[in-house]
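Undergrad: quick one, structure for this:
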Amino acid sequence: MQRSRLIQAGLTLLALGLWQLTWAQTPPSWGNESSPSPTAGGGVSQRANAAADKALDKGVVYTNASKPGPRLIVIPGEIKSNNASFTQKIGANNIADYAELELSKANFTVLERSDLGPLVNEIQLAYNTGDPDEAHKIMQKGKLKTTRWVVRFDILKAEPVAAQKSGFNGGVASSLLGAFGRGGQAASAAQTVAGSVDTSGASNVWIVGMRYKILDATTTDQVASGYNELKMETGATSTSVGGVSSAAGGGVSLDTLVQRLVQRSVWEIDYKNK
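TA: Model prediction:
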């Protein structure tokens, strides 16, 4: 009897350990319940979440991620667009942050700017001006000695290239029914319904282009470069008929678009230059 109890206790502990191991290997997931709202689970919520899911970062599988890449530093590049809507939301440091994250995922050894302190400004100045003597002097300091590349990402294009609007207002149709329709309750009802119809839709399309440059950390010479463009559409629709209304709006944000451009650029760097 005692032996049976000991075996049962051992099996229970084993099952508990396996359950804890499985739980520990599963990443936390909250879904929409992480920020519940009064509409959670309803049709409006489902449509909104379906649209938001398209903007989630799905991650990128880098072809040569199993192969370690050289030690590098990402310096903030330039944003050559003067579009205020873009520059208010996206800065050169945002892009460099995304680049450090993705290059680390691709198994490059990234010396993060936050760990370099004031040296970042010196590095940025030396490589942006192409001064090999200054670059060589800087790269003799501490952990910089084994750095092989300096990488930068520039926005060369960011502009809304197309916009379309459409709509229907029932006021005119209601007036026509009143002018030409026959009297009676049916005509009056039709006039009321027509006058209550109001629909509208708008769509805006952006094109954003990003260039990357890989510079030799010792000579400041260009090792490689590339350019990618992506398109982004935002839009909204609204409909109101007889007092019943619906509206929808959304699209990928500029932040998401820039992140995807960085991911595509890093994929090329990983695939072509390791």
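
Undergrad: ok, Pro70 - contacts?
TA: Pro70 makes contact with Phe108, Thr109, Arg148, Trp149, according to Cβ atoms under 8 Å, 6 or more residues apart in numbering. The C-beta positions use only the backbone N, C-alpha and C, and glycine is treated the same way.

Undergrad: I misspoke; the intended subject was Met210.
TA: Ile95, Phe153, Asp154, Ile155, Leu156, Tyr227, Asn228, Glu229, Val258, Leu261, Val262, Ser265.

Undergrad: on that earlier part again, can I get the contacts of Pro70 in TSV with neighbour count?
TA: What follows is the contacts of Pro70, written out as TSV (neighbours: other Cβ atoms under 10 Å):
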residue	neighbour count
Phe108	25
Thr109	15
Arg148	17
Trp149	22
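
Undergrad: which of those fall within strands?
TA: Members of the contacts of Pro70 lying in strands (criterion: DSSP state E): Thr109, Trp149.

Undergrad: switch the contacts of Pro70 over to TSV; also include pLDDT and distance to Glu102.
TA: Output for the contacts of Pro70, formatted as TSV (pLDDT from 0 to 100; distance: Cβ to Cβ, whole Å):
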residue	pLDDT	distance to Glu102
Phe108	98	9
Thr109	96	14
Arg148	95	18
Trp149	97	15
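
Undergrad: would you double-check that Lys67 falls in a helix?
TA: No. Counting by DSSP: H, G, I helix; E, B strand; the rest coil, Lys67 is not part of a helix but coil.

Undergrad: contact partners for it?
TA: Applying Cβ under 8 Å, 6+ apart to Lys67 gives the contacts Asn107, Lys274.

Undergrad: strands of this protein, residue ranges please.
TA: 71-79, 109-110, 149-169, 198-216, 222-241, 244-251.

Undergrad: what's the second one in contact with?
TA: Same thing as strand 109-110. Residues from elsewhere that reach strand 109-110 (Cβ under 8 Å, 6+ apart): Pro68, Gly69, Pro70, Arg71, Leu72, Ile73, Val74, Glu100, Leu103, Ser104.
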